[in-house]
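>>> Below is the sequence, then the predicted model.
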Amino acid sequence: MTTPTSHQNQPDPPPPRFVIPVRYASEGAIVQTTSTSLSKDLIHVRSVRPPRTGLVIGLQLYFPNVRDVVRSIGLVSETTADPNPGFWAELSDDKRSAGGIAALLARHREMGDRGCPRFHTRLRATIRNGEGRSFDGYITNISRSGAFLKVDSLPPAASVVDLDFTIPVARARETVLAFVVHVAERRGVGVQFIGGSDEFRSRLDEYVALLAG
């Protein structure tokens, strides 16, 4: 495998953009987050506290419309800072894992699909920025990897916010770290979920499955 120690040393062409939920385990910490790019050999994962370079971590990839979780081992080869915080990991060359990822990527390319389907909803939500200020709004569509939030005060693109909302299948209010992917003036913001628990993932997946019918 080639370690992407700099932009110049990354594969050419780089892995295509592909956003799916990702779970990684690193030194006792478990994080439910999302990818930004993926190939059978390499993944970029969003994280505000990425694991250190050289660490071997366990990864679980949640592909759209696939029941089974794809498990792999990754070597953290580079960490990335703002505006794209996270890390690159070289994926294990285990034939079963690499072959499964390659087959799923090929299937989604044929379908013209680049990620998880979104569904309309209306959930009260609150965002808190790094300065501790909070703003109320509504989640108007949601997926397993992120959401669109209608809110009057828009956080800047590439910022990280705390997102609070209640998933209808659960009684407790959820708090998850969210990365602002894009800002739609006078409308709201699109976010990726980048810091959640296993319980959050389970309840979110259950709710999205209900929306999908």
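Cool, the structure landed. Residues are numbered from 1 along each chain as shown.

>>> can you tell me which residues contact the residue minimising distance to the centre of the chain?
What sits nearest the mean C-alpha location of the chain, by Cα atoms, centre = their mean, is T34, with 1.4 Å. Residues counted as contacts of T34 (Cβ atoms under 8 Å, 6 or more residues apart in numbering) are 19-22, 45-46, 145-146, 179, 192-194. Yep, even glycine has a C-beta here, placed from its N, CA and C like the rest.

>>> Likewise for A29?
So A29 contacts nothing (Cβ under 8 Å, 6+ apart).

>>> and the closest residue to H182 other than its chain neighbours, bridged to which residues?
Distance criterion Cβ to Cβ, 6 or more residues apart in numbering; nearest residue to H182, sequence neighbours excluded, is G190 at 4.7 Å. Following DSSP bridges, G190 is listed with bridge partners F148, H182.

>>> for T166, same thing?
Under the criterion used (DSSP bridges), T166 bridges to R173.

>>> ok, it to R144 distance?
The gap separating T166 from R144 is 17 Å, by Cβ to Cβ, to the nearest Å.

>>> that older thread, is it true that the residue nearest to H182 touches L163?
No - counting by Cβ atoms under 8 Å, G190 does not reach L163; the two are 12.0 Å apart.

>>> Overlap of the contact sets of the two?
What both G190 and L163 touch, as defined by Cβ under 8 Å, 6+ apart, is the set 147, 149.

>>> And the two? Which one has more around it.
L163 (23 against 19; other Cβ atoms under 10 Å).

>>> which residues make contact with the lowest-mean-pLDDT helix or strand in the chain from outside it?
Ranked by mean pLDDT, DSSP states H and E, the helix or strand of the chain with the weakest confidence is helix 95-110, at a mean of 83. Helix 95-110 is contacted by residues 18, 38-41, 61, 63-64, 66, 70-73, 91-92, 114 when judged by Cβ under 8 Å, 6+ apart.

>>> Please spell out which residues along that helix are buried.
Within helix 95-110, the residues that qualify as buried are 97-98, 100-101, 104-105, 108, counting by 16 or more other Cβ atoms under 10 Å.

>>> Which of the residues you listed sits closest to D136?
H108 (35.6 Å; Cβ to Cβ).

>>> Looking at the contacts of T34, which are in helices?
Secondary structure from DSSP state H places none of the contacts of T34 in helices.

>>> related to what we said a few turns ago, so the strand or helix carrying the residue nearest to the centre of the chain versus helix 95-110, what angle?
For T34, the host element (DSSP states H and E) is strand 29-38. Orientation check (axes from the mean of the first three to the mean of the last three Cα atoms, to 10 degrees): strand 29-38 against helix 95-110 gives 50 degrees.

>>> Nice, that's everything, thank you.
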